[in-house]
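# Dropping a prediction and its sequence here:
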Amino acid sequence: MHPAHAARPMDRLLRGFLRFFFHHLYTTAAPLYDLVAWSTSIGQWRRWTEVALESLPPGRTLEIGHGPGHLLLQLVVGGKVAYGADASRQMTRLASRRLRRRELGGRVIRARAQELPFAGDSFSAILSTFPSEYILASETLHEIRRLLSPEGRFVIVPSATITGGSWLDRAAAWLYRATGQSGDADATWLDGLSSHGFNARIENVNLDRATVVRIVAEPEADLAETRGSP
């Protein structure tokens, strides 16, 4: 048997295991999320997510898939009128608790990205960091397009590649490659965004020990100007 053919069942097995693992990490094992994210990224995870903040315009902000709520808290403490939406009951609870400890409650809702309970044109900025495949679903992109103001911006951080030279960095880089979580964003991202009325670009942000991919998408001007017309 050709080696490439032999690898395919293993690839499918690995993807199935990862889907199972990440599902439980985001739900029943949510209290372990921070530890796993920190250890697998060799302490870089929080800095990777902060790359999204550097491209946000001023105004009302929504984070989709906020997880434990660290980035959302950072937004609010930094003066943003910011809200979070997440489908996970456990993550919603963790993020709400984190905000309440700072007396900043009432900003987190449990909701699917495909059905967000906000009025149209509600946000100047929408962001999502390291989301799963739901972020490119047609229903999700339709909702984001609906919620975003004509001058707004949608920012995604989909992946990172570890570039550090230590043996720990090299081991983590191998793990990310093996699990398909590192590498460049491809045309699939741009095609999906374009088909839902966005102009999008891919940016590579070089940090000390990693390169983080950032996608910045803005409503197409002609569609923004005619939105709502018959």
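Arrived safely, thanks for sending. Residues are numbered from 1 along each chain as shown.
# Need the pLDDT of Ser229.
Per-residue confidence at Ser229 stands at 41 (pLDDT).
# One more: Val36?
73.
# same deal with Thr28?
pLDDT for Thr28: 59.
# do the same with Met91
pLDDT recorded at Met91 is 89.
# can you give me the offset of the helix or strand where it lies from its chain's centre?
Per DSSP states H and E, Met91 falls inside helix 89-100. Offset of helix 89-100 from its chain centre (Cα atoms, centre = their mean, to the nearest Å): 17 Å.
# With stretch 65-78 instead?
Mean-position distance between stretch 65-78 and its chain equals 12 Å (Cα atoms, centre = their mean).
# Can I get that stretch as PDB, trimmed to CA atoms?
Listed in PDB are the C-alpha atoms of stretch 65-78, where the atom choice follows Å, rounded to 0.1, in the frame of the first residue of the first chain:
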ATOM      1  CA  GLY A  65     -16.800  32.300  21.000                       C
ATOM      2  CA  HIS A  66     -15.300  34.200  24.000                       C
ATOM      3  CA  GLY A  67     -14.300  31.000  25.900                       C
ATOM      4  CA  PRO A  68     -13.200  31.700  29.500                       C
ATOM      5  CA  GLY A  69     -13.600  35.500  28.900                       C
ATOM      6  CA  HIS A  70     -10.000  36.800  29.200                       C
ATOM      7  CA  LEU A  71     -10.100  38.800  26.000                       C
ATOM      8  CA  LEU A  72     -13.600  40.100  26.700                       C
ATOM      9  CA  LEU A  73     -12.600  41.300  30.100                       C
ATOM     10  CA  GLN A  74      -9.600  43.000  28.500                       C
ATOM     11  CA  LEU A  75     -11.900  44.800  26.100                       C
ATOM     12  CA  VAL A  76     -14.200  46.000  28.800                       C
ATOM     13  CA  VAL A  77     -11.500  47.100  31.200                       C
ATOM     14  CA  GLY A  78      -9.900  48.900  28.300                       C
END
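# contact partners of that stretch?
If you take Cβ atoms under 8 Å, 6 or more residues apart in numbering as the criterion, stretch 65-78 is touched by 26, 30, 33-34, 46, 49-50, 52-53, 61, 63, 82, 84-87, 91, 94-96, 98-99, 102, 104, 107-108, 113, 127-129, 131, 135. Every C-beta, even on glycine, is put in place using the N, C-alpha and C of the backbone.
# Quick check: phi and psi at Pro219.
phi -60, psi 140 (degrees, to the nearest 10).
# Would you confirm that it contacts Ser194?
No. Pro219 is not in contact with Ser194 according to Cβ atoms under 8 Å; the separation is 11.5 Å.
# Distance of the closest residue in space to Ile64 that isn't next to it in sequence relative to Met91?
Distance criterion Cβ to Cβ, 6 or more residues apart in numbering; nearest residue to Ile64, sequence neighbours excluded, is Ser128 at 4.5 Å. For Ser128, the distance to Met91 (Cβ to Cβ, to the nearest Å) stands at 13 Å.
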